[in-house]
Each structure stands twice: as C-alpha cells, then as structure tokens.
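Trainee: got a predicted structure here, sequence first:
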Amino acid sequence: MKALIPTAAVLAVLAAVPLVVHSNVTLNFLVVALMIALAGQGWNILGGYGGQYSFGHAAFFGTGAYVTAILQMRYGINAWVGFAAGIAAGAVLGAVLGALTFRSGLRGSYFALVTLAFAEVLRIIASVAPITGAGVGTLIKLDLGIRNLQFQSRAAFYWIILALVGVSLVTAQLIERSRFGIWLIAVRENEDAAKALGVNVNGVKLAAMVMSAAITAAAGCFYAQYFLFVDSGIAYGTWISIQALLTPIIGGVGTVFGPLLGALVVKSLGEAAKLLTGDAPGLDLIIYGAVLVLVIWFTPRGLIGGLTQARKLLMRRSGPAAPSAGEARHG
Amino acid sequence: MAEPLLAVERVTCRFGGLLAVNEASLTASEGHITALIGPNGAGKTTLFSIISGFIKASGGAVRYAGEDITGEPPHRLARRGIARTFQIVQPFVGLSVRENILVGAHLHHRTRSAALAVADQIGHDVGLGEFLNRPADTLTVAGRKRLELARALATGPKVLLLDEVLAGLNPSEVRDIVPVIRDLCRRGITILMIEHVMQAVMSLAEHVFVLAEGRIIAQGPPAQVVADPVVVEAYLGRGAAAKLGTSYGR
Amino acid sequence: MLSPTILIPAILNGLLIGAIYALVALGLTLIYGVLHIINFAHGALLSAALFAAFFAFRLLGLDPYVAVVLLAPLFFALGYGLQRFIIGPASHGDERNMLLVTLGIAVIIENTLLYVFRADTRTIDVPYAFQTIDIGSTFLAVSRVVGFVAAFAVALALWLVMTFTDTGRAIRAVAKEKLGAELAGINVAHVYAVTFGLGTACVAIAACLLIPSYYVNPTVGDAFVLVAFTIVVLGGMGSVPGALVGALLIGVAESLSGLFLGESLGQIGIFLIFIVVLLVRPSGLFGARA
C-alpha cells in the first residue's frame, strides 16, 4: 500500500487543478492530454511491460468510441452503460486480435504490421458501413445531465478522465508488483527463457492485450462523450495509434507514470509550437516525430529513465556513493 | 532397477532433409546424475529441446514419471517439474539478478513475498547472494551460468536438464560449480546434463549416454564409456581408435 | 459482365500498376531482408520523392524520365544518411527501437511536406500523359508501359548487383549471418546504410515512373506503402522474386476487385489478404523463413 502513495499524491495534485484554474482552454488542454495519457497507458501495458509494440491501438480507441456513440444514438441505451459496453467491446476485440496474432507467433515487425492492418480495416469498414454513419460519422445528441454523462462544466469531464487515468495508474502499479507483471516483463525480455521457467507466454500476452485494449477503449469512450462526435478518420485513424505509442515511449516505456508524463510533455510541446507559429498544419507533428527520435536516441528509457539516471549521477557526484569510485580504483 | 523418472524412447527429429536425431533412446533415473555427451553437432541440444517441449519430435516418445509427455509445451512441462537451462545463457537483461530468479520462483508461489524468499534463498545457494540487486547483464560469464541454474532451480524442478552449464568457464570456476551440482542431486533432483568438460562428467555422472550423428552409440558408467573404441572414433574420426592403440604419427 | 473486352484491359492495367507497386515493395523487402525491420518511413520517402520529381519538372524543366538519373542517386544518399547517421545510432541495435525511429522519421517527413507544401494535390503535365499504345482491343497508357518495363529493368539490375558485385555479396552476407560478416571484416553499419540507400533509391525511381500519370500530396505515399506491406508479406518478407510476383498479383487483384466491388471495398480486399497471409502463413508464398 505504501507504494501507492506517490500515485495518490500525483492524483490529488491533479484533482485540485480545476479548483485553481478556471480557464476553459487550459482545462480542455488537460482533458485531451489526460485522454491521450489513458490511451497511452493502455499501449504501455502491452508494449511497455510486454514488449509487443502495437502500431494499431486506434482499433481499440475507435471501437470504444463507436460502441459508446452507437448504443446511445441507435439503441437508446444509457450513456453510462454505453461507456461500459465500449470498454467491454474493446476488451473483446483485444482478445480476438490477441488470440489470432499470438497463436500465429507474430512478433516484432509482423505484430506491428498486423495491428496496423486491423486498425485500417476497421477504419475502412467504419467509413462505409451504415451503422457507423459511414462517411458522415455519428453525432451524440447534446442533452446535458449526469444521467447522460454530459456536463456543461469542463471540470466535471476533467475529473472523470482523471479518475480513469487514476485507475489505469493503479492498474499499472499493481501489475508491476504482481506475478503476472514479472511474467509479462520476462516475456518482453526473452520468450524462450520465460517458457522454460513455466510462463505460459501466449496466455500472458493475451491477458496483457485484453487489459491494454480495455484501457485504450476507455479513452475512446471518453472521447465520444466529450466531443459528442465520432468519425472513422479520427477514431480509427493512424494518428491515434501513433499518439498511443508516442506518449509512453517519450515519458518512459514500461513505467507507471511514463504515459502521463509523456502525454503532458508532448501536448505542451504541440501547444507551444502552435503559439509560436500560428495554426500552420504539421508543425506540432514534426516536433512529436523529432522528440520521439531524440528520446529513443538519447534516453531509451524515456524521460523518466533519463531523470532517474540524472539523479543517480548527481548522487554519485555528491558524496555518499563515493566508495564505489574508490572500489573501481582498487580493482 | 526402478522405472526411470525420465525416459526418451526412439525419438527422431528431422529438419527438412537433415536427420538431427535418429531414434535416440535414453533414461535418467531418479536422484542420479546422467550425462549426455557427444561431438559437436551430434544433436544433443536438439534432443534437450525435444524433451523440454521447445521442438516437436518427428517420431518417438518422451515419458516422465510413467506418463507420456511428448509434445507438451514447455510451460506445462515446467509446471510438471522439468526445468532446463540454455547453452547460450538467456538472462532477462532488463531485470536484476533477484528478479530473474523471481520469474522462476513465481511458478509455484503466487505471492510476491513467498516467491522473493525462495528467490533469495536459491540465489544464495548458487553463490549469487551478493549480486542479487545487480542488473543481470553486469554478471560475468560464470555469474550468468549460475543465474541460469538458479532460475531453473527456482521453479522447484524434479528433473533438471543442464545444457553445458560449465562451457566457457575457467578451471577454477568449474571447480566451484561442480559441488553445487552435486549438492542438487543430493537434495533429490534428478539431473540430465549435456557436457563437454569431461573431467566434470567423470566426477559427477553415474551414467553416460553418447550421441553421435543423432544416434546413441554407447552408454554406461563414465570410465567404461570413454574407453569404448566406438566413442573414441565418434570424437576423433574413423580409425582413430586403432591409431591411438598402435602408434601416433608416421 | 465478364466479357473479355472488360476483363483483359483490367488485368493488363493491374499488371502495369503492379509493376510500380513492385518497385516500392522491392525497396521495402530489401531493407527487411537485411535489417529485419519494416521501414515505416518508406511511404513518407515515396511522398518526398514524388515532390522531388514534381519540382524537378516544374522548376528545372526536367522530364521525370530524365530526373530519375538525378533523383535515384540523391535518394540513395538520403537513405544512406538516414540509416547511417540517424536510425542506426538512435536505435541502439534494438529492433523495436528501429521500428519506432522509422515511424518518427515518417511523421517528420510527412508533416514537413505538409507544412511546406500544404495539403494541396498537384500534378504535372507531360506531353505523353495521355498517349496510349493500342494492342489488339486494349489501350494502354504509355507512361504505365514505360513504368512496367523500367520496374523489371530495375529488378534485374538489383539482382545483378546483389549477385555479382562485392557490395552485393557483402549485403547478402550481412543478411544471412550478421555476426559472421562482422567477424569477416565487413562494416555492418555501412552495409545497412547501403541497403537502406538502395531501398530508398527504388522509391525515387518508382516516384519518377509514377508522377507522369499520377498526383502528389504529402500523404500520397501512405496508400502505396500499405499496399507494399501487403505485397512484401504476401511474397515473403525479404524475398525479391516474391515481391515481384506478389506485386503483380496484388495489382491485378486490386484492378479486378475495383471493377466488381468498387474502390473502398477493393481496398478492404487487399487488407484482408494481408491479414490472412500474416496469420496463416507469415513466411509468405515464397518466404524461406519458417
């Protein structure tokens, strides 16, 4: 339980933000950043801890978004139920996709490709199928009220997405400290060695995929409720897949806080770029791409890894660890 | 003699046109150390991979404690109590030594605390006590071999398949690790080992099987096997035994 | 509906477009065969090459078939530099990092094009744009026929380079056994970069062959590269003949499914082929790897 204190502290600080900040622009920025952090945390469970790099997490995001929207608009189902169903649908899709790919032994480039292809197939289907509203997309009718999970105030949405991020953080933390987590990491590091030690590699990967899909789908469900509109180009778009992997990689892949930190940094950089150059298309994305390459290049464990390393260096320089330097000289 | 704990029965393995293992049979009796030796490329590691479920045999059967376990996947075999090490050590490089062992320890211990206790105990047993917090990739070759052994032990095996745990070690390191292996046997773990370091085979194994070109060509107590002309020829080439017997050079 | 007067032109045109796909796929499969990664920047590089061919025509007045002499070496150098000085050092030898770095480069290139040139679609106007060749009952666009012939010429040239030159032998050695090649004194980083350069040069050639009858915008490469992924998977990752045959098959399949199903569903057809091949036979039709 003691291990959960930092998480609780971070969440408490973030939860206090709307009490101080009232600007809708700022809150909107934070809501979107947290939504991306949530999608990224989903990716992180499978990619960061499990080493399976998906290039198509939009498949889950989009499914969550569409299920939430379609159940409400076409079947008159309650928004909260639709939200939960969206998460469940994402999990089911994750199970199906995972069962297919892991059974075929796809990893590395192959896994990246097949996930990408699945997301593209779903995008194309969503852009022509009548049930998704085809090219027009699906609008959720504006009808404010807690029953419909629609709020006038950004702060309410902010707290909802923060709560979801909080659940995902605790999930990641519990995974890290569990048998499942160490098995998942073992699979990432070396599948054969893990098998020899009794790890059911495909089972572990599949479980990670389901959790991962559910979390990213939750981000999609939230997207639908927040923007009240879903279309195939956004929900199933490549850009969602890229952001889902960008945030944990930049923040710190396979760490609890990596996706959150990554999302805040990436989104801030994007906003800064927009402020500097006006609304020129592409510039923020150029910066994302450059940051991605630079982070992998210079701090492969992401910003969190970089910070940890810097702290170690500082501590070594400032005394208490001095004996180790002495040891090296003796050796 | 009681029924052997592990029995390989006429196992064959084909890779395309290559016959890697050809109707090989061997047994490992409970509580003993059995060695599998043979020249490079004889098919020893392939045979190990078949026993431990990593490769499917083209024919034959593997029996364990009286049950047919042919073709079972590795993680199930590990659960049954068959553990293996790899000739080319495969540490989880991103993890510490303790966490490496923990992966194995979790097989039969669900809670973190129980598994950690087992991992630490085994780490000390194999002589890695002071390295438990180190990243696994900072270990020396000898250290990595010990880690390989420790991880396998942490799964609580009844049978341990050791694939050249002594290869690449210097003589003093070999001397250090031999008693560790002997101690495992004393604790009731049945050991089947592939080994090239003959001095270790002679001192450890009670029974030796010789594999050459995929076939078991000889078996028996170590002293008897190394004197067998068939074995000498398998290692040194046809006619070698005769040459050694008469004179050397021309 | 299935009259030969419709079917035969569809098949022939499918073969012609398949040849251009082959060039794009050739670059991809070459890089996969040696570096064992999918180059996610391939599509963005194709977009960049199309822009280069476009401006060579507009600003320098170079016909695309002439510009290829300039652009192929230029893009070879670009690819070489990307791998040698960015992808290689940035990814620390980790396959997953390489995937991500190529993705990052793709994002950078694509959005730089978007930033500089905006999302507008452009075309060039060459005198032979609408010329056709009449074979029997079918008219074929001259530019597509040139593309077809050139694609095979490039494949042949590539095969000659790989088979008979020292560079080719070094590339094959690295592809087969990286460590052994390194021990034999081959500079692996250089060979990787040369391979990447060759793959990128293929893209430049494809762009020059494509631009007379096609258009360019910052994301045009994506559509091609997804098809190229399919081809590479279908033909077996790393297999050059596989890429050729796969490309022609996909070209024809696309042309026919477009005829019968309409365009968007035709696209799904390609992806379904892709997924099914990946799941059922990831080594592809011609792949040597099990």
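Mentor: Alright, I've got the coordinates. Numbering: from 1, shown residues only, chains lettered A, B, ... in the order given.

Trainee: least confident secondary structure element in chain B?
Mentor: For chain B, counting by mean pLDDT, DSSP states H and E, helix B:240-245 ranks last in confidence among helices and strands (a mean of 64).

Trainee: name the residues of the longest helix seen in chain B that are buried.
Mentor: Assignment by DSSP state H gives helix B:171-186 as the longest helix of chain B. Of the residues in helix B:171-186, those buried under the neighbour-count criterion (16 or more other CB atoms under 10 Å in any protein chain shown) are B:173-174, B:177-178, B:180-181, B:184-185. All C-beta spots, glycine's among them, are computed from the backbone N, C-alpha and C.

Trainee: same question for stretch C:188-207.
Mentor: C:188, C:190-207.

Trainee: how far off centre is it?
Mentor: Between the mean C-alpha location of stretch C:188-207 and the chain-wide mean there is a distance of 11 Å, by CA atoms, centre = their mean, to the nearest Å.

Trainee: please apply the same query to stretch A:274-293.
Mentor: Taking mean C-alpha positions (CA atoms, centre = their mean), stretch A:274-293 and its chain are 20 Å apart.

Trainee: ok, which stretches of chain B are strands?
Mentor: When secondary structure is read from DSSP state E, chain B shows strands at B:6-15, B:18-28, B:33-37, B:59-64, B:67-68, B:82-84, B:159-163, B:190-194, B:207-212, B:215-220.

Trainee: and the second one, which strands flank it?
Mentor: Yep, that's strand B:18-28 we're talking about. Strands adjacent to strand B:18-28 in the sheet, as given by DSSP bridges, are strand B:6-15 (antiparallel).

Trainee: CA atoms only for the partner strand, dumped as CSV, please.
Mentor: Provided in CSV are the C-alpha atoms of strand B:6-15 (Å, rounded to 0.1, in the frame of the first residue of the first chain):
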residue,chain,number,x,y,z
LEU,B,6,12.6,-39.7,-17.4
ALA,B,7,12.7,-41.9,-20.5
VAL,B,8,13.3,-40.9,-24.1
GLU,B,9,12.1,-43.6,-26.4
ARG,B,10,13.3,-43.9,-30.0
VAL,B,11,13.0,-40.1,-30.6
THR,B,12,13.6,-38.9,-34.1
CYS,B,13,13.8,-35.3,-35.3
ARG,B,14,14.0,-34.2,-38.9
PHE,B,15,14.7,-30.7,-40.1
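
Trainee: for that strand, give the mean pLDDT please.
Mentor: When pLDDT is averaged over strand B:6-15, the result is 93.

Trainee: and the angle from that strand to strand B:215-220?
Mentor: In this structure, strand B:6-15 runs at an angle of 160 degrees to strand B:215-220, with axes from the mean of the first three to the mean of the last three CA atoms, to 10 degrees as the basis.

Trainee: residues in contact with strand B:6-15?
Mentor: Defining contact as CB atoms under 8 Å, 6 or more residues apart in numbering or on different chains, one finds that strand B:6-15 is touched by B:19-28, B:43, B:46-47, B:50-51, B:55, B:57-64, B:82, B:159, B:190, B:192, B:214.

Trainee: can you do 7 Å?
Mentor: For strand B:6-15, the external contacting residues (CB atoms under 7 Å, 6 or more residues apart in numbering or on different chains) are B:20-28, B:46-47, B:50-51, B:55, B:57-64, B:159, B:190, B:192.

Trainee: same deal with stretch B:216-230?
Mentor: Taking CB under 7 Å, 6+ apart as the rule, stretch B:216-230 contacts B:24-26, B:201-202, B:205-210, B:231, B:234, B:241.

Trainee: list the contacts of the most centrally placed residue in chain B.
Mentor: When chain B is reduced to its mean C-alpha position, the nearest residue by CA atoms, centre = their mean turns out to be B:Leu162, at 2.0 Å. The neighbours of B:Leu162, taking CB under 7 Å, 6+ apart as the test, are B:85, B:191, B:193-194.

Trainee: closest to the centroid, which residue in chain A?
Mentor: Closest to where the C-alpha atoms of chain A average out (CA atoms, centre = their mean) is A:Gly40, at 1.5 Å.

Trainee: what comes up buried for the helix or strand harbouring that one?
Mentor: In this structure, A:Gly40 sits in helix A:24-43 according to DSSP states H and E. Along helix A:24-43, the positions that meet the burial threshold by neighbour count (16+ other CB under 10 Å) are A:27, A:29-43.

Trainee: check which helix or strand covers whichever residue of the stretch 1-150 of chain C sits closest to chain A.
Mentor: At 3.3 Å from chain A, C:Val107 is the closest residue in the stretch 1-150 of chain C, using CB to the nearest CB. With elements taken from DSSP H and E, the one containing C:Val107 is helix C:95-117.

Trainee: distance check, the residue nearest to the centre of chain A against chain B.
Mentor: Remark: distance between A:Gly40 and chain B (CB to the nearest CB, to the nearest Å) = 20 Å.

Trainee: I'd say that residue and A:Leu264 touch.
Mentor: No - using CB atoms under 7 Å, A:Gly40 and A:Leu264 do not qualify as a contacting pair, with a distance of 10.7 Å.

Trainee: now do the buried residues in the longest helix belonging to chain C.
Mentor: Looking only at chain C and at elements set by DSSP H, the helix with the highest residue count is helix C:4-35. Residues of helix C:4-35 classed as buried: C:9-35 (neighbour count, 16+ other CB under 10 Å).

Trainee: circling back: now check the helix holding C:Val107, is it near chain B?
Mentor: No - for helix C:95-117 and chain B, the contact criterion (CB under 7 Å from any CB of the partner chain) is not met; the two come no nearer than 12.4 Å.

Trainee: what residues sit buried inside that helix?
Mentor: Of the residues in helix C:95-117, C:95-115, C:117 count as buried by neighbour count, 16+ other CB under 10 Å.

Trainee: repeat that for stretch A:75-95.
Mentor: Taking 16+ other CB under 10 Å as the criterion, stretch A:75-95 shows A:79, A:82-87, A:89-95 as buried.

Trainee: so which of these is the closest to C:Leu256?
Mentor: Distance to C:Leu256 across these (CB to CB) is lowest for A:Leu93, with 30.5 Å.

Trainee: which residues of chain A lie near chain B?
Mentor: Taking CB under 7 Å from any CB as the criterion, the contact residues of chain A with chain B come out as A:177, A:179, A:182-183, A:185-186, A:189-190, A:192-200.

Trainee: now do 8 Å
Mentor: Those residues of chain A that sit near chain B, judged by CB under 8 Å from any CB of the partner chain, are A:177-179, A:182-183, A:185-186, A:188-190, A:192-201.

Trainee: of those residues, just the buried ones, PyMOL syntax please.
Mentor: Under the burial definition 16+ other CB under 10 Å, those of the residues of chain A next to chain B that qualify are selected in PyMOL by:
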select buried, chain A and resi 179+182+183+185+186+188+189+190+193+194+195+196+197+198+199+200+201
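
Trainee: surely A:Gly90 touches A:Met211?
Mentor: No - applying CB atoms under 8 Å, one finds A:Gly90 not in contact with A:Met211, separated by 10.2 Å.

Trainee: what sits against A:Ile240?
Mentor: Applying CB under 8 Å, 6+ apart to A:Ile240 gives the contacts A:39, A:57-58, A:61-62, A:234.

Trainee: pick out whichever of the residues you listed sits closest to chain B.
Mentor: Of all the contacts of A:Ile240, the one sitting nearest chain B is A:His57; the distance, using CB to the nearest CB, is 22.6 Å.

Trainee: please state the offset of the helix or strand where A:Phe60 lies from the chain centre?
Mentor: A:Phe60 belongs to helix A:58-75 when elements are defined using DSSP H and E. Shown here is helix A:58-75, whose average C-alpha point lies 18 Å from the average C-alpha point of the whole chain (CA atoms, centre = their mean).

Trainee: do stretch C:223-239 and chain A meet at all?
Mentor: Yes - against chain A, stretch C:223-239 shows contacts by CB under 8 Å from any CB at C:226, C:229, C:233, C:237.
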